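Participant: Below: sequence and its predicted model.
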Amino acid sequence: MPELPEVEVVRAGLAPAVTGATVLGVTVFDERALTRHPGSALDFEAALTGRRIRASVRRGKFLWLPLEPEDPADPAEHAVVGHLGMSGQLLLRTPGAAPERHERVRLDLAHPVHGEVAVVFADQRTFGSLAIDELVPTPDAAPGGCGGEEASIPRQVAHIARDPLDPAFSDARFRTALVRKDSAIKRVLLDQTVISGVGNIYADESLWAARIHPETPARALSTRAVNRLLGEVRHVLDKALAEGGTSFDAQYVNVNGQAGYFAHSLNAYGRTGEPCPRCGRPIVRVPFTNRSSHFCAHCQRRRSLG
DNA sequence: AAATGACCCTGGCCGC
DNA sequence: TGCGGCCAGGGTCATT
């Protein structure tokens, strides 16, 4: 569910509450939320309790909270890594607040200025997860993601490409990668090792805006078309972020439980049978990798190689 | 070696 | 009202 704009709303919402805060206690209600954590739930609780959080950082759809070193002599640094999967939420609640529906993990924090707060990880479908992972240097020495200055990234996120809103994202490298891909452009947009942060909603929206058929072979796109697509990807992500993200139901909400408004601005995604805002012909829905693509078959002409 | 598909899980909605 | 089938914002892993 949550794609870059939704995760960024959550990251930015967490930042003032968790930066500089100390973990007073950790409660794991469901170990399935820790599938990406290398140790046990007990280990997770023990490793986190008493630690101080330095920041709230995001790359693509992953976010992490770097921790102050426990032992200044130990060079290894760690972070709490979070991924919301399809239905994960990170909520800020008052201490002792009643359990949320589908609450999986709770962190009780003490902030030097704002006092105590509970960070609740709730997740209906349990595809999301929290973990403690080691931070490793970024190969390009640029900051690991949005919200942090450090040139480091959790080991389990290192294979994720930079996202298109990251100043260190390379348009040229993206174009080079496309030429070498023997896949449809939509598949490549969803490949987080090529470009991160784009999911099914914003892939469909970007392709609609750029008038590109989702099944166009990636290497059939001209440099000009790729540039146009990247521009539309950035535009739709920026616009969605400004509107607080896309909420279809109660699943995606910000840290205060509020929905975003971008669902009203969708042109293609989820609008099967409704008129294309550009030409009036119906938006079609086509099965795609256990999901769906939504597009205008008139505005987004299928092209082939050559 | 890269590119697909199955799978993890819960719940809402639709048609019968 | 009940129940089966289908669908949903994602990532990983096995298989070709």
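Facilitator: That came through fine. Numbers count the residues shown, from 1 in each chain, chains lettered A, B, ... in the order given.

Participant: Tell me, domain by domain, which residues of chain A belong where.
Facilitator: Chain A breaks down into these domains under automatic domain parsing: A:4-157, A:171-295.

Participant: can these go into JSON lines with extra columns for distance to DNA strand B, mean pLDDT and mean neighbour count?
Facilitator: All C-beta spots, glycine's among them, are computed from the backbone N, C-alpha and C. JSON lines is the format used below for the domains of chain A (distance: least, CB to the nearest atom of the strand, whole Å; pLDDT from 0 to 100; neighbours: other CB atoms under 10 Å):
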{"stretch": "domain A:4-157", "distance to DNA strand B": "3", "mean pLDDT": "97", "mean neighbour count": "19"}
{"stretch": "domain A:171-295", "distance to DNA strand B": "3", "mean pLDDT": "95", "mean neighbour count": "18"}
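
Participant: Which among those domains is found nearest to DNA strand C?
Facilitator: domain A:171-295 (1.9 Å; CB to the nearest atom of the strand).

Participant: So is the closest one next to DNA strand C?
Facilitator: Yes: part of domain A:171-295 sits near DNA strand C under the criterion CB under 7 Å from any atom of the strand, namely A:190, A:192, A:196, A:199-201, A:246-249, A:251-252, A:263, A:285, A:287, A:290-292.

Participant: gap between that domain and the chain center?
Facilitator: 14 Å (CA atoms, centre = their mean, to the nearest Å).

Participant: can you list the domains of chain A in TSV and add distance to residue A:165?
Facilitator: Shown next, in TSV, are those (distance: least, CB to CB, whole Å):
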stretch	distance to residue A:165
domain A:4-157	7
domain A:171-295	6
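
Participant: Relative to residue A:301, which of those domains is closest?
Facilitator: domain A:171-295 (6.0 Å; CB to CB).

Participant: Quick check: phi and psi on the nearest residue to residue A:283 once chain neighbours are set aside?
Facilitator: Residue nearest to residue A:283 in three dimensions, not counting chain neighbours: residue A:271, with 4.6 Å by CB to CB, 6 or more residues apart in numbering. The phi/psi pair for residue A:271 (degrees, to the nearest 10) reads phi -110, psi 30.

Participant: just checking, residue A:271 touches residue A:295?
Facilitator: No: applying CB atoms under 8 Å as the test, residue A:271 and residue A:295 come out as separate, 10.0 Å apart.

Participant: returning to that earlier point: so which of the residues of domain A:171-295 next to DNA strand C are in helices?
Facilitator: Among the residues of domain A:171-295 next to DNA strand C, the members found in helices (DSSP state H) are A:200, A:201.
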